[in-house]
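>>> Okay, sequence plus prediction incoming.
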Amino acid sequence: MITSPAWKDKKYAVLGLARSGRATVEALLAAGADVLVWDDREEAREPYNGRCAIGDPLEADLTGYAGVIVSPGVPLNTHPIKPHADKFGVPVIGDVELFAQAREHLPAHKVVGITGTNGKSTTTALVHHILKTAGVPTTMGGNIGLPILEQEPLPEGGVYVLELSSYQIDLTYSLDCDVAVLLNITPDHLDRYDGDFAKYAASKCRLFEMQSTDHDAIFGSSTEAACRASLGLKQRVHVFDREAYEHPDHLVLRGPHNAENIGAADQVRRVLDIAEEVAFSAIDSFSGLPHRMERVAEISGVAYVNDSKGTNTAASAPALAAFDNIHWILGGLAKEPGLGECEAELPHVKAAYTIGKAGPDFAALLEGRVPVEQCETLDRAVTAAAAKAERGDTVLLSPACASFDQYTDFEKRGEHFRELVEALV
């Protein structure tokens, strides 16, 4: 695990004992810190009896504490922990901030931080795959893979590749990325920012504000000008145009959004001095991530694609752009009204099948433009689409919505789609 002698004999509170919270507690204890832990679930607290103080930080006197560590899922704009900690002058931080504090005690390394509304996970995994192919010691963490503090430190010359959501950046104050990447910014998660898109965008941009001037910042051509103007960037700036990275023959990395992901990864490899031939060999062998334009099966000439990670219209539009003759399964818990960027891709849609809470609204928007069937549930939608799809068609789950009305997360929704498709064989 990753620890720091800087934590020794300091007091910390950890609120939430899911996986990242547990990893944080273990790292702090290993470093000799004094830790107060809390989770509303008694079974989550039980393993820490006798090892930590147990109590709700909201009811604790936090005088002298070095930090309160919370999960990125804790909404700082509404949760009472932030004002409570503020009364004692105690920062509310996340595990990525602890990693940032531990860096000076790790073997010499670099950190690549990747943020953006859409494409973060694929780009992070692709950069990691390129580095592995090049023989560079590397690991990935942050919003992907294992909690970063749970991982073993890399040897000298290693590269940590971190996917960073706006929530994680909000809890981070000293992460000076050697390479920071912003893919795109579109409206998302605005409930966490009081409905203010500017606040959400500013959260993403803080990744660059934390950078030293001799480090590297990478932007897509769509975001660079605005960020340069608002941030007064002094670090080395690299800009890529996704149109230069279209890869239409790649079975996984298809569509304009993946051109953006490839472009960002290529800029990272340039900064890290990875040979072009190595990088593009890695791109060709990249198998992608689950739930992101994942080709589940081909049955009787019909392709079934799981893009459950399409949780907003901006994320689903590129998937629609990547295929023709699409039987589109969409719906769930809408994050914004209307079809957004999906509107322009409707010529690719042969028929639509709506599910979830937003299903009736989507059906009304699509009526008269494409054949549409209100299915309510995913199992009905898959059955209906399979019955109507013909050889050469694609059945695409790309909901343009969050999953929480019917599933605990987008992974569970994608896994259910995969199970339903496998049952068709």
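In hand now; what should we look at?
>>> OK, contacts around P91?
G67, V68, A85, Y173 (C-beta atoms under 8 Å, 6 or more residues apart in numbering). The way it works is simple: take the backbone N, C-alpha and C, and place the C-beta from them, glycine included.
>>> Recalculate using a threshold of 6 Å.
G67 (C-beta atoms under 6 Å, 6 or more residues apart in numbering).
>>> And it, what's its pLDDT?
P91 carries a pLDDT value of 97.
>>> how about it, phi and psi?
The phi/psi pair for P91 (degrees, to the nearest 10) reads phi -70, psi 140.
>>> what about it, distance to E97?
8 Å (C-beta to C-beta, to the nearest Å).
>>> I'd say E294 and N306 touch.
Yes - counting by C-beta atoms under 6 Å, E294 touches N306, with 4.3 Å between them.
>>> between the two, which one's more packed in?
Between E294 and N306, N306 has the larger neighbour count (other C-beta atoms under 10 Å), namely 27 against 20.
>>> partners of that one in the sheet?
Under the criterion DSSP bridges, N306 forms beta bridges with E294, L397.
>>> dump the residue contacts of it.
Applying C-beta under 6 Å, 6+ apart, the residues near N306 are H291, E294, V296, L397, G414, F417, R418.
>>> so of these, which ones are in strands?
In strands, judged by DSSP state E, the following of the contacts of N306 are found: E294, V296, L397.
>>> of those residues, the lowest pLDDT goes to which?
Lowest pLDDT within these is found at E294 (89).
>>> Any stretches of the stretch 151-300 of the chain with poor pLDDT?
188-189, 224-226, 228-230, 247-252 (pLDDT under 70).
>>> just so I have it, where are all the strands in it?
For the stretch 151-300 of the chain, applying DSSP state E, counting those that start in this stretch gives strands covering 158-163, 179-182, 216-220, 236-240, 294-299.
>>> can you check the stretch 1-150 of the chain too?
Under DSSP E, counting those that start in this stretch, the stretch 1-150 of the chain gives strands at 11-15, 34-38, 53-54, 65-70, 92-93, 109-115, 138-142.
>>> Adding distance to T123 and mean neighbour count, write those out as CSV.
Shown next, in CSV, are these (distance: least, C-beta to C-beta, whole Å; neighbours: other C-beta atoms under 10 Å):
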stretch, distance to T123, mean neighbour count
strand 11-15, 30, 24
strand 34-38, 34, 22
strand 53-54, 39, 14
strand 65-70, 26, 24
strand 92-93, 25, 23
strand 109-115, 5, 25
strand 138-142, 11, 24
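>>> Which parts of the stretch 251-400 of the chain are helices?
256-271, 276-285, 313-321, 359-366, 378-388 (DSSP state H, counting those that start in this stretch).
>>> residues contacting the nearest residue to T122 once chain neighbours are set aside?
In space, and not counting its chain neighbours, T122 is closest to N261: 4.9 Å by C-beta to C-beta, 6 or more residues apart in numbering. Residues counted as contacts of N261 (C-beta under 6 Å, 6+ apart) are G119, T122, T123.
>>> next one: I185
Contacts of I185 (C-beta under 6 Å, 6+ apart): T117, A201, K204.
>>> at 7 Å instead, please
G116, T117, A201, K204, T223 (C-beta atoms under 7 Å, 6 or more residues apart in numbering).
>>> most surrounded residue in those?
Within the contacts of I185, neighbour counts (other C-beta under 10 Å) peak at G116, which reaches 25 neighbours.
>>> How confident was the prediction at it?
At G116, the pLDDT recorded in the model is 89.
>>> phi, psi of the closest residue in space to it that isn't next to it in sequence?
Spatially, and ignoring its direct neighbours in sequence, G116 is nearest to L183 (2.9 Å; C-beta to C-beta, 6+ apart). Per-residue torsions, L183: phi -80, psi -50 (degrees, to the nearest 10).
>>> Isn't E26 up against M1?
Yes - at 6.2 Å, E26 counts as touching M1 under the criterion of C-beta atoms under 7 Å.
>>> which residues of the stretch 301-425 of the chain score low on pLDDT?
Using pLDDT under 70, the stretch 301-425 of the chain has no residue that qualifies.
>>> Give me the buried positions along stretch 384-391.
A384, A385, A386, A389 (16 or more other C-beta atoms under 10 Å).
>>> make that stretch 121-140, sorry
121-131, 133-134, 136-140.
>>> and it, how far out from the chain's middle?
Here the centre of stretch 121-140 is set off from its chain's centre by 16 Å, with C-alpha atoms, centre = their mean, to the nearest Å.
>>> for stretch 319-331, same thing?
Computed by C-alpha atoms, centre = their mean, the chain-centroid distance of stretch 319-331 equals 22 Å.
>>> ditto for stretch 366-385
28 Å.
>>> before we move on, what about stretch 183-192?
On C-alpha atoms, centre = their mean, the centre of stretch 183-192 falls 12 Å from that of its chain.
>>> nearest residue to P75 other than its sequence neighbours?
Closest residue to P75 apart from its sequence neighbours, by C-beta to C-beta, 6+ apart: R192 at 5.4 Å.
>>> C342: how many residues sit nearby?
C342 is flanked by 28 other residues according to other C-beta under 10 Å.
>>> Next, the contact list for it, please.
Contacts of C342 (C-beta under 7 Å, 6+ apart): T313, S316, A317, L320, A400.
>>> and those residues as TSV, adding neighbour count?
Shown next, in TSV, are those (neighbours: other C-beta atoms under 10 Å):
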residue	neighbour count
T313	27
S316	28
A317	26
L320	28
A400	28
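>>> Pick the one among these closest to H327.
L320 (11.5 Å; C-beta to C-beta).
>>> Assess the claim that the closest one and E343 are in contact.
No - if you go by C-beta under 7 Å, L320 and E343 don't touch, sitting 9.9 Å apart.
>>> Understood, closing this out.
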